[in-house]
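Enquirer: I would like the atomic coordinates for the input below:
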Amino acid sequence: MKIGILQAGHSPDEMRDGVGDYGELFTKLLDGHGFEFKIFSVVDGEFPSGIDVADGWLITGSKFGAYEDHDWIPPLEDLIRDIRTADLPLVGVCFGHQIIAQALGGKVEKFSGGWSVGNTEYDFGTETLALNAWHQDQVTSLPTGAEVIASTDFCENAAFVIGEKILTIQPHPEFTSEFISGLIEHRGRGNVPDTQLDRASETLSSPNDNIKFAARMAETLKTGAK
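Expert: Down below sits the predicted model:
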């Protein structure tokens, strides 16, 4: 089964050789689930020739805002709508979560409450999962048909589904503690309050549920198996 990864951003230059780019983080996270991957760097204008080149799709995070004026965002939104119309599986993480919501009629804003960074517990109703957060933007209005499946006091719409084939989440199951440490050093200082970065650093050794949520992502993507 082929999964198309729509890479909407890049990991910091200082980290890329060691931990990989955003698309590669997901190929590592989903290794062992029987997928083949093709990465399209949409942030650089590299788009697939059509939605039929993959059986399922995944949109990565980005340092850019879904509401910002970039020439690659409108065609990405068109692609999202085409994927939904074709009833193909679609997973979005952080920026991916936000751009899917926006493309399908929801709203994304820079959250007035500030940032969420580091190991964070999310209420999934029947269970609590610890995942790494790194965001200020949030989905503040859901698209029609979306059902919230996870939240925190800080982030009300932390994950949602639309039917069985669309799954989105605000935190980063693909971010390891090592990756968060690199973000703190190379992207955090001067952008995120130092007090929050220091707290995030203190949680780097805390366990996370990346693998558990990866299984849920894989389950969604496999709804497109032929």
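
Enquirer: For Lys38, grab phi and psi.
Expert: Per-residue torsions, Lys38: phi -130, psi 120 (degrees, to the nearest 10).

Enquirer: Over to Arg189?
Expert: phi -60, psi 130.

Enquirer: Local confidence estimate at it?
Expert: For Arg189, the model assigns a pLDDT of 79.

Enquirer: Gln196 now?
Expert: pLDDT, read off for Gln196, is 88.

Enquirer: Repeat that for Lys226.
Expert: The model reports Lys226 with a pLDDT of 68.

Enquirer: same question, Asn208
Expert: Looking at Asn208, the pLDDT reads 96.

Enquirer: what's near enough to touch the nearest residue to it once chain neighbours are set aside?
Expert: Of all residues not flanking Asn208 in the chain, Ala130 sits nearest, at 4.9 Å (C-beta to C-beta, 6 or more residues apart in numbering). All C-beta spots, glycine's among them, are computed from the backbone N, C-alpha and C. By C-beta atoms under 8 Å, 6 or more residues apart in numbering, the contact set of Ala130 is Asn119, Thr120, Glu121, Tyr122, Ser206, Pro207, Asn208, Asp209.

Enquirer: Beyond the least confident helix or strand in the chain by mean pLDDT, next helix or strand please.
Expert: Within the chain, no helix or strand scores below helix 13-19, which has a mean of 82 by mean pLDDT, DSSP states H and E. Toward the C-terminus, helix 13-19 is succeeded by helix 22-29 as the next helix or strand (DSSP states H and E).

Enquirer: which residues of the chain fall in strands?
Expert: 2-6, 36-40, 56-59, 90-93, 107-110, 116-123, 128-135, 137-141, 147-150, 159-162, 166-169 (DSSP state E).

Enquirer: With distance to Ser181 and mean pLDDT added, can I get these in CSV?
Expert: As requested, the strands of the chain are exported to CSV (distance: least, C-beta to C-beta, whole Å; pLDDT from 0 to 100):
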stretch, distance to Ser181, mean pLDDT
strand 2-6, 24, 98
strand 36-40, 24, 98
strand 56-59, 24, 98
strand 90-93, 19, 98
strand 107-110, 25, 96
strand 116-123, 10, 94
strand 128-135, 10, 95
strand 137-141, 22, 97
strand 147-150, 24, 98
strand 159-162, 24, 98
strand 166-169, 21, 98
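
Enquirer: Which positions within the least confident helix or strand of the chain qualify as buried?
Expert: The neighbour-count check on helix 13-19 (16 or more other C-beta atoms under 10 Å) flags Met15, Val19 as buried.

Enquirer: Now Glu174: closest residue in space, sequence neighbours ignored.
Expert: Nearest to Glu174 is Leu25, by C-beta to C-beta, 6+ apart, at 4.0 Å.

Enquirer: Pick out the residue nearest the middle of this structure.
Expert: Val93 (1.2 Å; C-alpha atoms, centre = their mean).

Enquirer: before we move on, back to that, now the residue nearest to Glu174: how far from Glu202?
Expert: As defined by C-beta to C-beta, to the nearest Å, Leu25 lies at a distance of 23 Å from Glu202.

Enquirer: So between these two, which is more surrounded?
Expert: More crowded of Leu25 and Glu202, by other C-beta atoms under 10 Å: Leu25, with 23 against 11.

Enquirer: I figured the more buried one was touching Arg16, is that so?
Expert: No. Using C-beta atoms under 8 Å, Leu25 is not in contact with Arg16, being 10.7 Å away.

Enquirer: any idea how far the nearest residue to Met217 once chain neighbours are set aside lies from Gly182?
Expert: Distances taken as C-beta to C-beta, 6+ apart place Val91 nearest to Met217, at 5.2 Å, with adjacent residues excluded. Distance of Val91 to Gly182, computed by C-beta to C-beta: 24 Å.
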